[in-house]
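The following block contains a protein sequence and its predicted model.
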Amino acid sequence: MTDQAIKPGRATDQLDIADVERRLKAIFIGSIGNLVEWYDFYAYTAFALYFAPAFFPASDPVVQQLNAAVLFAATFLMRPLGGWLFGYLADHFGRRISLTLSVVCMCFGSLLIAVTPTYATIGAVAPAILALARVIEGLSLGGEYGASATYLSEVADPNHRGFYSSFQYVTLIGGQLTAIIVLLLLQKVFLAPDALRAWGWRIPFAIGALLAVFAAVMRRSLHETEAFVEAKKTVQPTGSIVGLLNYPRELLLVVGLTAGGTAAFYTFTTYMQTFVRLSAGFTEDQTTLVIFGTLVFATFLQPIYGAVSDRIGRKPLLIFFGIAGTISTVPILTTLKDAKSPLVAFLLICAAWLFVAGYTSINAIVKAELFPTNVRALGVGLPYAITVSVFGGTAPAIALYFKSLGHEHWFYYYLSGMIFLSLLIYSSMRDTKHDSAMHRHQ
């Protein structure tokens, strides 16, 4: 490993070619590692329709999916601990070591799912082991967000931070796309439906474990950011809760920024596969193709919106998300439930992504621009992880709970209300593009 640092960039046209190459390589490796982590995590959702009966036997498929969704939400309880642990490591010892360790944890969690026996074999121990694996993955992801958001923001050119930081969500969504591609290949090419339900669902988790090993090896070669190296020279590294409490306003801003956005994100990614399948009534194949197409569309939106934020600022995009999301969420979900055509479902979910991307594309850089270097990873990761645990990971479970009560439409208004609350925060905050803490070390 090298101690050579990545410079945060110079706002000139005479950037050293070697410096540009190092920066692009760092962004690529950091992003690929992020993709692998999120692939491992989303493989659970992509294959839940197949393995839920193996771990949660019940005659009602809605109950099976509710049990799987509750476990999905429960793993988010570990994300605040992961946000603290890996945020501390990133701010105290460096971004590189934190990023490497987080993907190693993900490898172990994915491997554990791949080899876990079913309920029919070992009874209640099976979902308990599955829960342990998801807890480990939740711990890993809790640290991944803050460390990767910090790393990408610090290695990017100052004039293009929005664009480069948007690749965090490009690869995040890319992880889910990769999981769906594996699902399609297993469905259409390699396995019969019965084999996929019996044992084929283990394959994606084994693949995820192998990819995580590859990502960990790549991350060991990452350069440290110059911002961190310089901060160590001038201030004592902290990454501590005590140091973070010096920024109460920024902490509350992260919570307010995240609440509505993360609820919308998990609704139109994680929950959509279940919603389109169980509520709209599409076949498994139709469901997979619709979700895949909408995620491709969402992926292309991220760098476009990120580049726009570099020109007009972050705040206008956030306000656009808040207003459009508040107004459009209920009619989109109501119409989607009654959609009879996969094309109509695809267009409706894409319409939702037109405003959701106003949050996803820039939320990481907005949070990074709130904090100085010595507490940046912890400041981004910990309050984000807490908020995601409360409002993001619970979104599928809340939606399915309302559905089990026969009042699925209650969730539509819940989501719209969450977006509106975040809109109030967006309207009152400063634009971090023009008032950034990126160059402050303390």
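Looks like it arrived, so ask away.

what kind of secondary structure is the residue nearest to the spatial centre of the chain in?
In the chain, the centroid-proximal residue (CA atoms, centre = their mean) is residue 172; its distance is 5.3 Å. Three-state assignment for residue 172 (DSSP: H, G, I helix; E, B strand; the rest coil): helix.

My guess is it contacts residue 38. True?
Yes. If you go by CB atoms under 8 Å, residue 172 and residue 38 touch, sitting 4.9 Å apart. The way it works is simple: take the backbone N, C-alpha and C, and place the C-beta from them, glycine included.

shared neighbours, those two?
By CB atoms under 8 Å, 6 or more residues apart in numbering, residue 172 and residue 38 have no common neighbours.

my guess is residue 265 meets residue 359, correct?
Yes. Shown here, residue 265 and residue 359 form a contact pair, counting by CB under 8 Å, at 7.2 Å.

Neighbour count for those two, which is higher?
Set side by side, residue 265 and residue 359 show more neighbours around residue 359, with 27 against 24, by other CB atoms under 10 Å.

element containing that one?
Using DSSP states H and E, residue 359 maps to helix 342-360.

Tell me which other helices or strands that helix touches.
helix 248-266, helix 284-312, helix 315-337 (3 or more CB pairs under 8 Å, 6 or more residues apart in numbering; DSSP states H and E).

Please identify the deepest-packed of these.
Sort the helices and strands packed on helix 342-360 by mean neighbour count, taking mean count of other CB atoms under 10 Å, and helix 248-266 sits at the top with a mean of 22.

helices and strands around the helix or strand following that helix, which ones?
Moving toward the C-terminus from helix 248-266, the next helix or strand (DSSP H and E) is helix 272-278. With contacts defined as 3+ CB pairs under 8 Å, 6+ apart, helix 272-278 has these neighbours: helix 48-55, helix 61-75, helix 284-312, helix 315-337, helix 395-404.

how about helix 272-278 as PDB, C-alpha atoms only?
Extracted C-alpha coordinates of helix 272-278, given in PDB (Å, rounded to 0.1, in the frame of the first residue of the first chain):
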ATOM      1  CA  MET A 272     -41.200  -1.800  -5.500                       C
ATOM      2  CA  GLN A 273     -40.400  -5.400  -6.400                       C
ATOM      3  CA  THR A 274     -42.900  -6.700  -3.700                       C
ATOM      4  CA  PHE A 275     -45.400  -3.900  -4.500                       C
ATOM      5  CA  VAL A 276     -45.500  -4.600  -8.300                       C
ATOM      6  CA  ARG A 277     -45.700  -8.400  -7.600                       C
ATOM      7  CA  LEU A 278     -48.300  -8.500  -4.900                       C
END
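
Contacts for it, please.
45-46, 48-49, 61-62, 65, 69, 282, 284, 286-288, 290-291, 294, 333, 336-337, 345, 349, 396, 399-400, 403.

mind listing the strands for the stretch 101-250 of the chain?
For the stretch 101-250 of the chain, strands defined by DSSP state E, counting those that start in this stretch occupy the ranges 224-225.

So which residues of it form helices?
Taking DSSP state H, counting those that start in this stretch to define them, one finds helices in the stretch 101-250 of the chain at 119-122, 125-155, 161-165, 167-185, 193-198, 203-219, 226-234, 241-244, 248-266.

any idea which of these is most buried?
Counting by mean count of other CB under 10 Å, helix 161-165 has the highest mean neighbour count of those, with a mean of 28.

burial count for residue 245?
Neighbours of residue 245 under the rule other CB under 10 Å: 10.

ok, and the closest non-adjacent residue to it?
Nearest non-adjacent residue to residue 245, counting by CB to CB, 6 or more residues apart in numbering: residue 251, 7.9 Å away.

Which of the helices and strands packed on helix 272-278 has the lowest mean pLDDT?
Looking at these, the lowest mean pLDDT belongs to helix 61-75 (a mean of 64).

thinking again about what came up before, what sits against the residue nearest to the centre of the chain?
Neighbouring residues of residue 172 by CB under 8 Å, 6+ apart: 34, 35, 38.

Can you read off the pLDDT for it?
85.

Give me the distance between it and residue 31.
9 Å (CB to CB, to the nearest Å).

Need the contacts of residue 172 in JSON lines (columns: distance to residue 234 and neighbour count).
Converted to JSON lines, these look like this (distance: CB to CB, whole Å; neighbours: other CB atoms under 10 Å):
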{"residue": "34", "distance to residue 234": "29", "neighbour count": "30"}
{"residue": "35", "distance to residue 234": "34", "neighbour count": "23"}
{"residue": "38", "distance to residue 234": "34", "neighbour count": "26"}
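
For residue 372, state which of those is nearest.
residue 34 (23.4 Å; CB to CB).

and the closest residue to that closest one other than its chain neighbours, what does it touch?
Leaving aside its chain neighbours, residue 34 sits nearest to residue 171 (4.4 Å; criterion: CB to CB, 6+ apart). By CB under 8 Å, 6+ apart, the contact set of residue 171 is 31, 32, 34, 35, 38.

Mind picking the one among those residues that's closest to residue 302?
Closest approach between the contacts of residue 171 and residue 302, by CB to CB: residue 31, at 11.2 Å.

so how far is the helix or strand hosting the closest one from its chain's centroid?
Assigned by DSSP H and E, residue 31 belongs to helix 17-46. The chain centre lies 13 Å from the centre of helix 17-46; the measure is CA atoms, centre = their mean, to the nearest Å.
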